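> Build me a model from this:
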Amino acid sequence: MTVSLESPTSWRPDAPKTERRPIFDVWPQLSKNLPISHLADLPTPVEALDRVTGSLGDARVFVKRDDVSSLVYGGNKVRTLEVLFGKAKALGCTHIYSTGAFGSNHATAMVLHAPRAGLGSGVVLFPQPRSWAALENLRVILSTRPAVHALPHWSALPFGMWRARRSAVARGHRPFVMVPGGATPTGALGYVSAALELGEQVAAGDLPRPETVLIGVGSTCTSAGLLVGFHLAAKLGLGFRDAGGNPAPPALVSVRVTPWPITSQTLVLRLAVRASERLAELAGDPSLVVEKRDLAPHFRVDGRFLGRGYGYATPSGLEAQRLWHENGAHELDTTYSAKAAAAVVELARQGRRGPIVFWSTKSTPALPPPDVDALRSSPPRMRRWMEKAEGELSRGKLEPPLVESPGSPVRLLT
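All right, here's what the predicted structure looks like:
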């Protein structure tokens, strides 16, 4: 049964969860070859967005609530970290490093979940446009006191990753340094399983077979995994079949939140093919390899909602954020989820009936309060960035949060 957001029981933290992952049920051989660390509370629910989209047209829009994939810290990064933490531990690593921008969701998820897997943590981060969402994330990251490598610019990332690995080894650690977003063939397998999970929910009647799935694309890992998973689920007859019983995977529209060429269609498809090859290798089944020509007809990257670039709020994203907030839906952030939601709003206004699934990827559970002492002792480059963000938010130069956390006010350092 689909639960509407109009119901106060649409999502409950005490809802039944399981350590079961569909990918292991479908291909049991993987249980021997794909170690994971159980971090997520799955399956994540599917909800109708009637209250949000009802005023926009007749579109049937649903949301896949990966924003609540964990009460520790949710979002799409948790599924990827499950397999990458598993790989790191299988290799005997003691510490894991996340790389990306100052306000990285991946880094935030990693520092909060790493202790649960018995791993130390470190980050290699570069500056990004200032925003409330980025400031809130950076505060959380620094408050956990990981090993920090603050870079002057994104172009210094390869050197920063090398330096982080070298310094960790010098301290007697065995580091596992992830690429931004964990965007590797192994990392994408977390979202192959997520696609199977949605197929199971369609088969169970939680929602009708979606025509289109919309999601934000930044580091490409989530999109690549979903592409492969939708294709294989349709072949297996798991949810994605048309009225005639033929395979009918949903079209995946990935809304760009980072610029080309990082999020080019070619690179996403290339990672998807490599993920299928990795899956085939681990499952011992060559038939699982998916070709680019099989995936491309069901995939499109939409760059119209990016605006000035990564991290910058857009008018359409702010409109979507307010629409969600005013109708009692889960909160959106201006960097990721609001831009994808803006594409949902456009489709609804165009009269597309769907069914459409909006895959919500930005964590919404409350963040832990920041450690002010840790923030004050952070690298000068990061501290100056946070002070400027606080000032710009206070002066109205940046969009303030629609909901300000009592434990994390706008001003902490200034």
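
> Rounded mean pLDDT for stretch 298-315, please.
Stretch 298-315 carries an average pLDDT of 95.

> Now that stretch - C-alpha only, CSV.
The C-alpha trace of stretch 298-315 is given here as CSV (Å, rounded to 0.1, in the frame of the first residue of the first chain):
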residue,chain,number,x,y,z
HIS,A,298,16.6,4.6,-21.1
PHE,A,299,18.9,7.3,-19.8
ARG,A,300,19.2,11.1,-20.1
VAL,A,301,21.2,13.7,-18.3
ASP,A,302,19.3,17.0,-17.8
GLY,A,303,21.6,20.0,-17.3
ARG,A,304,19.0,22.8,-17.4
PHE,A,305,18.7,23.0,-13.6
LEU,A,306,22.3,23.4,-12.7
GLY,A,307,22.4,27.2,-12.8
ARG,A,308,25.8,28.8,-12.2
GLY,A,309,27.3,25.5,-11.1
TYR,A,310,27.9,23.2,-8.2
GLY,A,311,26.7,24.5,-4.9
TYR,A,312,24.9,27.6,-6.2
ALA,A,313,21.2,27.9,-5.4
THR,A,314,18.8,28.4,-8.4
PRO,A,315,15.4,30.1,-8.6
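
> Could I get the buried residue list for it?
Of all the residues in stretch 298-315, those buried under the rule 16 or more other C-beta atoms under 10 Å are 298-299, 301-303, 305-307, 310-314. For glycine as for every other residue, the C-beta is placed from the backbone atoms N, C-alpha and C.

> so of these, which ones are in strands?
Judged by DSSP state E, the buried residues of stretch 298-315 include 299, 301-302 as members of strands.

> Show the subsequent helix or strand relative to the host helix or strand of residue 165.
Under DSSP states H and E, the secondary-structure element containing residue 165 is helix 157-170. Next helix or strand after helix 157-170 toward the C-terminus (DSSP H and E): strand 175-177.

> Wait, residue 145 touches residue 375, no?
No: using C-beta atoms under 8 Å, residue 145 makes no contact with residue 375, being 10.5 Å away.

> who has more neighbours, the two?
Taking neighbours as other C-beta atoms under 10 Å, residue 145 and residue 375 compare with residue 375 leading, 18 against 14.

> From residue 185, how far off is the more buried one?
Applying C-beta to C-beta, to the nearest Å, the value for residue 375 to residue 185 is 36 Å.

> Could I get the contacting residues of the residue nearest the centre of the chain?
Centroid check for the chain by C-alpha atoms, centre = their mean gives residue 76 as the closest residue, at 2.9 Å. Neighbouring residues of residue 76 by C-beta atoms under 8 Å, 6 or more residues apart in numbering: 66, 69, 105, 191, 222, 359, 361.

> for residue 234, what are its contacts?
By C-beta under 8 Å, 6+ apart, the neighbours of residue 234 are 199, 240-241, 247-249.

> you'd agree it is in a strand?
No: according to DSSP: H, G, I helix; E, B strand; the rest coil, residue 234 belongs to no strand; its state is helix.

> before we move on, the earlier item: next, the residue nearest to the centre of the chain: phi, psi?
phi -70, psi -20 (degrees, to the nearest 10).

> Use 2 as the first number from now on
Sure thing, new numbering starts at 2, so read that last one as residue 77.

> quick one: the closest residue to it other than its chain neighbours and residue 337, what's the gap?
Using C-beta to C-beta, 6 or more residues apart in numbering and skipping residues adjacent in sequence, the residue nearest residue 77 is residue 362, 3.9 Å away. Per C-beta to C-beta, residue 362 is found 6 Å from residue 337.

> same question, residue 83
Plainly put, residue 83 is 20 Å away from residue 337 if you go by C-beta to C-beta.

> on that earlier part again, list just the nearest of the contacts of residue 77 to residue 216.
residue 360 (4.1 Å; C-beta to C-beta).

> Using PDB, write out every CA atom in the helix or strand that contains the closest one.
Assigned by DSSP H and E, residue 360 belongs to strand 357-361. Once non-C-alpha atoms are left out, strand 357-361 reads as follows in PDB (Å, rounded to 0.1, in the frame of the first residue of the first chain):
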ATOM      1  CA  ILE A 357       7.100   9.500 -11.800                       C
ATOM      2  CA  VAL A 358       9.500   8.600  -9.000                       C
ATOM      3  CA  PHE A 359      11.600  11.400  -7.400                       C
ATOM      4  CA  TRP A 360      14.600   9.600  -5.700                       C
ATOM      5  CA  SER A 361      15.400  11.700  -2.600                       C
END
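
> Now do it: distance to the chain's middle.
12 Å (C-alpha atoms, centre = their mean, to the nearest Å).

> and the next helix or strand after that strand, what other elements does it pack with?
Remark: after strand 357-361, the chain's next helix or strand is helix 373-377, criterion DSSP H and E. Counting by 3 or more C-beta pairs under 8 Å, 6 or more residues apart in numbering; DSSP states H and E, the packing neighbours recorded for helix 373-377 are helix 133-144, helix 381-395.

> So what touches helix 373-377?
By C-beta under 8 Å, 6+ apart, the list of residues contacting helix 373-377 from outside reads 140, 143-146, 384, 387, 413-414.

> quick one: contacts for the residue nearest to residue 77?
67-68, 76-77, 216-217, 223, 337-338, 341.
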